[in-house]
Every structure is written in structure tokens, then in C-alpha cells.
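Asker: return atomic coordinates for the entry below.
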Amino acid sequence: MNKKIITYSLLALLLSAGGACKKDDKKGAEMPPMEVDVAEVTTDSVMIYKEYPGRLRATSVVNIVGRVDGTLLSKNYTDGAIVNKGQLLFTIEDTQYRNAVQQAQGQLDNAISSTAYSSKQYEAMKKALESDAVSQMEVLQAKSSYEEGEASIKTARANLHTAQTNLGYCRITAPFTGRITDASFQAGAYISGEASPVVLATLYDNSTFYAEFFVDDRTFMHISGPNSSSVKEGYEMIPLKFSDPLKHDYVGRFHYVAPDVDAGTGTMKLNAEIKNEYDELRDGMYVTISLPYQNDPHAILVEDAAIGTDQRGKYVYVVNDNDEVVYTPITIGELASGNRRIVTKGLKPGQKYVTKALLKVRDGAKVKPVEAQPAQSGMPEGTQAKPAETK
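Answerer: Numbers count the residues shown, from 1 in each chain. Presented below is the predicted three-dimensional model:
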């Protein structure tokens, strides 16, 4: 009898637990829809940019060379430092060149002295000829000696100048202010520069750079000004981007337009001048030139971070009037101001799209949309777009 009572009690407990589980399942099914941030598809007037790869070139680059023979006595700068115009960079042993200067000076002094004597003798011969004390031939010989002396003075002066120039090459100074590379030779090395100049270092004028890039002739015709060497108003200053973002923003001013189109590539070279005010730029750096091309007065814009990518391409999650998520394929254009992306196909102004938690939502899911605050573009509506990304 007791066993039957225990059995009935256990069955009652199991039935009670089963009923509780069903109630809990029912509660789970009735959970409210997930909240998601949404924003409205907007339109704006946007400047479209075309991007071109380029490289920076210093306005002045020179090799610092040794032009004489001798031992390198000193290097008077720190590798990679900025040196000033006229600053001493290298000294080379100058003993033989000092001796050459003294020898050339002595030859000049002898030539001047000899010529002075020949000049007086010539004058005396001309006076003696007036009284028939000497012959015409003797006067001509005196004149010839005087003229040879004059020629020897010129030769001696030229030799002295050459010797002084070579002596000057023993002290090498900076031709302009700029950043210098490390030295190819250290103190104690022997330099043989008379036969062929020896490169000791390279100096770069980093104050101003040229960004060299190439555009097709059609693009150039679109931006060209009243003459072939200028550009339209509004194209004088162009934004620049670097693969690794720098601390400061840079713009270039059109400086040079090639007079011809390369027949092989169908492009022409342009230069944009850039001021290196913060000493961040270096010769040879890769740069992207963002060239303003045309204005789209009614561009459709969404936040770039809201765009997903899968095997079918780009897409956004649109929330319809029934608060259901709809997977929507789109075609995108350039990146505009405030990290907003131009959408050329797939969306209409006024539609709402999911801006965050893209991995949590699913096509067809019921959600509770929460209007997100519009992104701050940092620019008033209707202004130029941020430079476009290279595709």
C-alpha cells in the first residue's frame, strides 16, 4: 500500500515539472523583438573625386661628391640630419693641393716679374728706334718677348685658379639646406675623385615636394583651364592621401602640366607642389591624388559601416514598414564626407536601414527599430565630398 502511494506521488511530481517546462517555453516564445539602431537613407550634393597614384619627389636632390684625391679626414654631420646651406660636411687631406697653390702662385709671380722687365725693354727699344740706335728687327724681338710674358701671366693665373679650386674641393659644404643621407665613406678612407667624382652622400631639399602623377587626356580636357598649361578654377588645390595616415592633412597646388601626351600610355604627367611644413614627407613616398571631377547634386548616401559584403556583393539590411529586416543588395559609389557612402543602385531616399549589430540580425527577422543620431560629417550639407577610395 505504501509503495503505491509513493509511485503516485512521483508521477504527480513529474507531471507538475512537465507543465512548468511548457509554461517556460511559452514565455521564451513571447520574448520581445530585438532592438536595432537604424538610420534613414538621405540625399546630398556631393563632389565626386577621381584618384590617381603618384610619388613624391623633392624639388632639389644632389649628390655630395669628392672631386680630389686624398684621405677623408672628417665627416662633420649626423647621418639623416638636417644640414644648413654652407655647413661643412667633409674634409679631405689637402697637403698636395696647398703645395700646388704655392707652386702656381710662384709661377705667376715669376711671369709678372719677367713680363714687367720685357715691357720696359720694349719701351726702351721703341725710343731707341727713333734715333736709329737699334734695328726694326730688335724692336720686334722685344715686342715678342713682352707679348709672351703677357701670355705666360694668363696661363699662370689660370693654373693658380685651378689649384685654388682643387684646394677648395678639400672642404665640402652643403649647397642648400636639406636632409642628408648617411656617408658612403668614413674618416680614414682614401678618396680618388680626380678621375671621376666619388659620391659621399645625397642631400634632399625637404621643404617642398612635387607629387608626380599621370592622367588620361580625357580627364585633363575636363579639368583644363583657358590654356593648355593651366586648370579650371577650383582645381588649383587638390587633397592628398597616404597609405599610412600622417598626423597632418596635405593639399597640393598644380605646378606643372606636361606639354605632350605619352603615345604609349595615352596619359600626361602633372605635378602638384606640396609644402612640407611639418617635416613628415620624404622623397619617394607613395601618395594618392584625389582629383575633383564632377558634382552629383542628388547622391543617395548611407553610413559606410552599415554596408556588408558577401559572395553576392554589397548589401544593407533594410527595415520595412512591418519592422521586418530585408536583405537588400546594393551597388556602391565613392566615399563622401562623414564616412558616408554613395549608393548608385538598390536604395531609395527615406528607407530605413540597420546601422549596427549586422551580425545579429537576419533576413526576415522581426525587430524594434531605434532611430540613430545622424553621423557628424564635419562639413555642412551640400559641400564637397571626402576624396574617394581607389577601386
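Asker: from the chain's centroid, how far away is stretch 91-106?
Answerer: 45 Å (C-alpha atoms, centre = their mean, to the nearest Å).
Asker: which residues touch residue 200?
Answerer: 64, 65, 66, 72, 89, 90, 172, 183, 184, 185, 191 (C-beta atoms under 8 Å, 6 or more residues apart in numbering). (Each C-beta comes from the backbone N, C-alpha and C, glycine too.)
Asker: now swap in residue 177 and tell me
Answerer: Residue 177 neighbours (C-beta under 8 Å, 6+ apart): 82, 83, 84, 85, 205, 207.
Asker: re earlier: now the contacts of residue 200 as TSV including neighbour count?
Answerer: Below are those laid out as TSV (neighbours: other C-beta atoms under 10 Å):
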residue	neighbour count
64	23
65	18
66	23
72	22
89	20
90	23
172	22
183	18
184	17
185	16
191	22
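Asker: can you add pLDDT and give the residues you listed back as CSV?
Answerer: Formatted as CSV, the contacts of residue 200 follow (pLDDT from 0 to 100):
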residue, pLDDT
64, 96
65, 96
66, 95
72, 96
89, 97
90, 97
172, 96
183, 94
184, 94
185, 94
191, 93
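Asker: give me the subset of the residues you listed lying in strands.
Answerer: 64, 65, 66, 72, 89, 90, 172, 191 (DSSP state E).
Asker: from those, which two are the most distant?
Answerer: 89 and 191 (13.1 Å; C-beta to C-beta).
Asker: which residues touch stretch 357-373?
Answerer: By C-beta under 8 Å, 6+ apart, stretch 357-373 touches 32-40, 306, 308, 317, 319, 323-327, 352, 354-356.
Asker: again, 10 Å this time
Answerer: 32-40, 303, 305-308, 315-317, 319-320, 322-328, 352-356 (C-beta atoms under 10 Å, 6 or more residues apart in numbering).
Asker: ok, now which ones touch the residue most central in space within the chain?
Answerer: For the chain, residue 56 is the residue whose C-alpha lies nearest the centre (C-alpha atoms, centre = their mean; 3.7 Å). Counting by C-beta under 10 Å, 6+ apart, residue 56 makes contact with 206, 209-212, 240, 242, 250, 252, 272, 274, 276, 281-287.
Asker: go on, residue 101?
Answerer: Contacts of residue 101 by C-beta under 10 Å, 6+ apart are 94, 159, 160, 161, 162, 163, 164, 165, 166, 167, 168.
Asker: now, the contacts of stretch 357-373 that are in helices?
Answerer: Among the contacts of stretch 357-373, no member falls in helices (DSSP state H).
Asker: just the buried subset of these, please.
Answerer: Neighbour counting by 16 or more other C-beta atoms under 10 Å classes 36, 38-39, 303, 306-307, 315-317, 319, 325-326, 328, 352-356 among those as buried.
Asker: quick one: which helix or strand includes the nearest residue to residue 63 once chain neighbours are set aside?
Answerer: In space, not counting the residues next to it along the chain, residue 63 is nearest to residue 199; the distance is 4.7 Å by C-beta to C-beta, 6 or more residues apart in numbering. According to DSSP states H and E, residue 199 maps onto strand 198-216.
Asker: with just CA atoms, put the helix or strand just after that strand into PDB.
Answerer: Once strand 198-216 ends, the next helix or strand along the chain (criterion: DSSP H and E) is helix 217-223. What follows is helix 217-223 as a C-alpha-only set of coordinates in PDB (Å, rounded to 0.1, in the frame of the first residue of the first chain):
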ATOM      1  CA  ASP A 217      43.900  63.100 -71.900                       C
ATOM      2  CA  ARG A 218      40.100  63.000 -71.500                       C
ATOM      3  CA  THR A 219      40.400  63.800 -67.800                       C
ATOM      4  CA  PHE A 220      42.800  66.600 -68.500                       C
ATOM      5  CA  MET A 221      40.500  68.100 -71.000                       C
ATOM      6  CA  HIS A 222      37.700  68.000 -68.400                       C
ATOM      7  CA  ILE A 223      39.800  70.000 -65.900                       C
END
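Asker: mind showing which ranges of the chain have poor pLDDT?
Answerer: The model of the chain has pLDDT under 70 over residues 1-30, 225-236, 337, 372-391.
Asker: who touches the residue lying closest to residue 316 once chain neighbours are set aside in this structure?
Answerer: Closest residue to residue 316 apart from its sequence neighbours, by C-beta to C-beta, 6+ apart: residue 353 at 4.6 Å. Counting by C-beta under 10 Å, 6+ apart, residue 353 makes contact with 36-41, 302-303, 306-307, 316-319, 325-326, 328, 330, 343, 347, 369.
Asker: still on that earlier bit, what subset of the contacts of residue 101 is buried?
Answerer: 94, 159, 160, 163, 166, 167.
Asker: residue contacts, the fourth one?
Answerer: Applying C-beta under 10 Å, 6+ apart to residue 163 gives the contacts 97, 98, 99, 100, 101, 102, 103, 104, 105, 107.
Asker: ok, the second one next?
Answerer: Contacts were defined as C-beta under 10 Å, 6+ apart; by that measure residue 159 touches 100, 101, 103, 104, 105, 107, 108, 111.
Asker: export those to JSON lines and append columns for distance to residue 216 and secondary structure.
Answerer: Output for these, formatted as JSON lines (distance: C-beta to C-beta, whole Å; DSSP: H, G, I helix; E, B strand; the rest coil):
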{"residue": "100", "distance to residue 216": "59", "secondary structure": "helix"}
{"residue": "101", "distance to residue 216": "59", "secondary structure": "helix"}
{"residue": "103", "distance to residue 216": "64", "secondary structure": "helix"}
{"residue": "104", "distance to residue 216": "60", "secondary structure": "helix"}
{"residue": "105", "distance to residue 216": "64", "secondary structure": "helix"}
{"residue": "107", "distance to residue 216": "65", "secondary structure": "helix"}
{"residue": "108", "distance to residue 216": "63", "secondary structure": "helix"}
{"residue": "111", "distance to residue 216": "66", "secondary structure": "helix"}
